[in-house]
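A.B. asks: No sequence on hand, only this structure:
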């Protein structure tokens, strides 16, 4: 009997040693709020402090109180039996993942960033999953989530819980409103001057962005592209008996600041410098991410007019060319065409896994050049070929170029920037530009070799730029309204065969002058390609054609 009592006492003592702590649901929400705000919002608070400290320091205190109260109110909304833990765990995990990209790359996770992430390939996404990223999520996301799972929540009776939670939410709302009204002028002024003020608030902004993206996708699920330029026809300005062939090289993540054609100190364009190209040094992009820029620049809309829905519900440049009986083909080595090629010939090359160019689901851009001869062999009439590069996509810049293009050293050989110096990151990026220089030059040479049978031209532009650590920002995708010039200023150039320039009435000296002194953008692409292919249509705007002012006659397409 005594032995049994001793065993029971030992078991009870052992049980007491492993008793799970009990905590009220609102208290758990409060602790989680403090954790999320202090641990996963470092970028948010650092920005806010800098923005407010120069205007009114006391307003920053009110800002902290207001934001904290708002987050607590949000979390308390989910303080209900069977809901509290899943909701809080979700909030913590989202905040953990988002804070990594906020803190490490200066990335803002808005709707367009979600759209870009949704269409990323597995290989592309894999470059962002580093050991440090995994450790960050483990320490700041998974471990706190396990603690939330471990504790026991004490819930009040349902009616008393409803009253208590409502009181907490109303009190938090009162604090939020009081803080906002007390320093309204300061908050309004700072908000106007710094539109990114709330863009890194975790987990609110990432969750809201996903919801907005989901709503957007649902609304646009059944959109059908309406006809555009069905009156398009070729007007035959080039009268030499040869088909007109334009190859568009759509670059990826190349920024104009690192093109030596535009004055960069390193010689990143040695081959193009020898090929009599016309370079446009002051060109702005339509977006800061591929999912926006590619459909936008091929659309009839300017950047100011474009929206994702407009891009879906309207045919694009490739369709107008097709209406004019121009053969159109798209070869892709990036992440897709974002519905631009829905009605033309399209080939996605990475699945070929060609061992000469491909490894681990990605291919060097020479796979595009390798296909050019086969395509040119089949050209019978006026044709346009689009080559969509993988280009300079980061963070694994070192995987974008072969060994022989490691000219700038030491170059970063990792997709984790923390293991590389700024010089190494820039050198790796510059090597990608050097390789793109080689790719575009090879495409030009392919057309030169067939000058007896075709009248060729090459148009190159990048979809957007890239940040390499300026102001603590890396990669791309920053909302356009606050994006740095490194992400919005892109390289663009054109090469024309001599016979095309002559018979097409192009004044190359005039074009070079206009390119060097003017400002240009992706808005020009739609109309300039129509001009290069001598396609007449009512949707053509000569004022947006890069070449119209330097052609004789300059108004030929407009007249037709």
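C.D. replies: Nice, I can see it. What you see is a predicted model; the values in this text were computed from it and never measured.

A.B. asks: What is the longest helix of the chain by residue count?
C.D. replies: For the chain, the helix with the greatest residue count under DSSP state H is helix 422-448.

A.B. asks: buried set for the helix or strand following it?
C.D. replies: As assigned by DSSP states H and E, the chain's next helix or strand after helix 422-448 is strand 455-462. Buried positions in strand 455-462, judged by neighbour count with 16 or more other C-beta atoms under 10 Å: 455, 456, 457, 458, 459, 460, 461, 462. To be clear about C-beta, it is placed using only N, CA and C from the backbone, and glycine gets the same treatment.

A.B. asks: what's the longest helix of the chain packed up against?
C.D. replies: Applying 3 or more C-beta pairs under 8 Å, 6 or more residues apart in numbering; DSSP states H and E, we find helix 422-448 packed against strand 244-251, helix 366-377, strand 455-462, strand 467-468.

A.B. asks: closest one to residue 201 among those?
C.D. replies: strand 467-468 (20.9 Å; C-beta to C-beta).

A.B. asks: which strands and helices sit next to the helix or strand that that closest one is followed by?
C.D. replies: The C-terminal neighbour of strand 467-468 among helices and strands, as given by DSSP H and E, is strand 474-475. If you count contacts as 3+ C-beta pairs under 8 Å, 6+ apart, strand 474-475 packs onto helix 84-105, strand 467-468.

A.B. asks: Mind listing the strands strand 474-475 pairs with, and their directions?
C.D. replies: Strand 474-475 has the following sheet partners, assigned by DSSP bridges: strand 467-468 (antiparallel).

A.B. asks: next one: the partner strand to chain centre, how far?
C.D. replies: Per C-alpha atoms, centre = their mean, to the nearest Å, the displacement of strand 467-468 from the mean C-alpha position of its chain is 13 Å.

A.B. asks: same question for it, mean pLDDT?
C.D. replies: The average pLDDT within strand 467-468 is 97.

A.B. asks: and what of stretch 536-554?
C.D. replies: Stretch 536-554 comes out at a mean pLDDT of 92.

A.B. asks: when you give positions from now on, start the count at 268
C.D. replies: That works, and once the first residue is 268, the last one we named lands at stretch 803-821.

A.B. asks: what's the weakest-modelled helix or strand in the protein?
C.D. replies: Lowest on mean pLDDT, DSSP states H and E among the helices and strands of the chain sits helix 269-284, with a mean of 47.

A.B. asks: got a list of what residue 631 touches?
C.D. replies: Neighbour list for residue 631: 624, 625, 657, 667, 668, 669, 702 [criterion: C-beta atoms under 8 Å, 6 or more residues apart in numbering].

A.B. asks: For the closest residue to residue 814 other than its chain neighbours, list the residues it contacts.
C.D. replies: In space, and not counting its chain neighbours, residue 814 is closest to residue 798: 5.2 Å by C-beta to C-beta, 6 or more residues apart in numbering. Residues in contact with residue 798, defined by C-beta under 8 Å, 6+ apart, are 807, 809, 812, 813, 814, 815, 818, 824.

A.B. asks: Likewise for residue 499?
C.D. replies: Contacts for residue 499 (C-beta under 8 Å, 6+ apart) come out as 587, 588, 590, 591, 797, 802, 803, 804, 806.

A.B. asks: cutoff 10 Å now
C.D. replies: Residue 499 sits next to 586-593, 797, 800, 802-807 when contact means C-beta atoms under 10 Å, 6 or more residues apart in numbering.

A.B. asks: can you check residue 635 too?
C.D. replies: 514, 516, 598-601, 616, 624, 652-657, 706, 709-710.

A.B. asks: In helices, which of those residues fall?
C.D. replies: 706, 709, 710.

A.B. asks: Please identify the buried residues of stretch 635-642?
C.D. replies: Buried residues in stretch 635-642, counted by 16+ other C-beta under 10 Å: 635, 636, 637, 638, 639, 642.

A.B. asks: Can you lay out those as a markdown table showing distance to residue 563 and pLDDT?
C.D. replies: Shown next, in a markdown table, are the buried residues of stretch 635-642 (distance: C-beta to C-beta, whole Å; pLDDT from 0 to 100):
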| residue | distance to residue 563 | pLDDT |
| --- | --- | --- |
| 635 | 22 | 98 |
| 636 | 26 | 98 |
| 637 | 29 | 97 |
| 638 | 26 | 98 |
| 639 | 26 | 98 |
| 642 | 26 | 97 |
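
A.B. asks: Just name the closest of these to residue 469, please.
C.D. replies: Taking C-beta to C-beta as the measure, residue 469 lies nearest residue 635 of these, at 39.1 Å.

A.B. asks: what residues are up against the nearest residue to the closest one once chain neighbours are set aside?
C.D. replies: Nearest residue to residue 635 in three dimensions, chain neighbours excluded: residue 654, at 4.4 Å (C-beta to C-beta, 6+ apart). By C-beta under 10 Å, 6+ apart, residue 654 lies in contact with 514-518, 596-601, 616, 632, 634-636, 638-639, 642, 706-707, 710, 725, 727.

A.B. asks: and with 6 Å instead?
C.D. replies: 516, 598, 635 (C-beta atoms under 6 Å, 6 or more residues apart in numbering).

A.B. asks: returning to what we had before: just the buried members of the contacts of residue 798?
C.D. replies: Buried members of these, scored by 16+ other C-beta under 10 Å, are 807, 809, 812, 813, 814, 815, 818, 824.

A.B. asks: want to throw those into TSV with secondary structure and distance to residue 366?
C.D. replies: Below are those laid out as TSV (DSSP: H, G, I helix; E, B strand; the rest coil; distance: C-beta to C-beta, whole Å):
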residue	secondary structure	distance to residue 366
807	coil	48
809	helix	49
812	coil	46
813	coil	43
814	coil	48
815	helix	49
818	strand	53
824	helix	52
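
A.B. asks: and of those residues, the nearest to residue 419?
C.D. replies: residue 813 (68.4 Å).

A.B. asks: Without its sequence neighbours, what residue ends up closest to the closest one?
C.D. replies: Nearest to residue 813 is residue 795, by C-beta to C-beta, 6+ apart, at 4.3 Å.

A.B. asks: Just want the angle from the helix or strand containing that neighbour to strand 722-729.
C.D. replies: Using DSSP H and E, residue 795 sits within helix 792-799. Relative orientation of helix 792-799 and strand 722-729, computed by axes from the mean of the first three to the mean of the last three C-alpha atoms, to 10 degrees: 170 degrees.

A.B. asks: re the thing from before, residue 423: which of the contacts of residue 654 is nearest?
C.D. replies: Minimum distance to residue 423 across the contacts of residue 654 is 63.6 Å, recorded for residue 598 (C-beta to C-beta).

A.B. asks: Quick check: the gap between that closest one and residue 793.
C.D. replies: Applying C-beta to C-beta, to the nearest Å, the value for residue 598 to residue 793 is 20 Å.

A.B. asks: Just want to know which of the two has more residues nearby.
C.D. replies: residue 793 (25 against 20; other C-beta atoms under 10 Å).

A.B. asks: ok, and the closest non-adjacent residue to that one?
C.D. replies: Nearest residue to residue 793, sequence neighbours excluded (C-beta to C-beta, 6+ apart): residue 584, at 4.9 Å.

A.B. asks: I figured that neighbour hits residue 791, correct?
C.D. replies: No - shown here, residue 584 and residue 791 do not form a contact pair, counting by C-beta atoms under 6 Å, at 11.6 Å.

A.B. asks: which one of these two has more residues nearby?
C.D. replies: The neighbour comparison of residue 584 against residue 791 (other C-beta under 10 Å) goes to residue 584, with 27 against 23.

A.B. asks: Would you mind listing the residues in contact with that one?
C.D. replies: Applying C-beta under 6 Å, 6+ apart, we find residue 584 in contact with 565, 793, 796.

A.B. asks: Enumerate every residue touching the residue nearest in space to the middle of the chain.
C.D. replies: Nearest to the centroid of the C-alpha atoms of the chain, with distances taken as C-alpha atoms, centre = their mean, sits residue 556, at 2.4 Å. Contacts for residue 556 (C-beta under 6 Å, 6+ apart) come out as 379, 383, 744.
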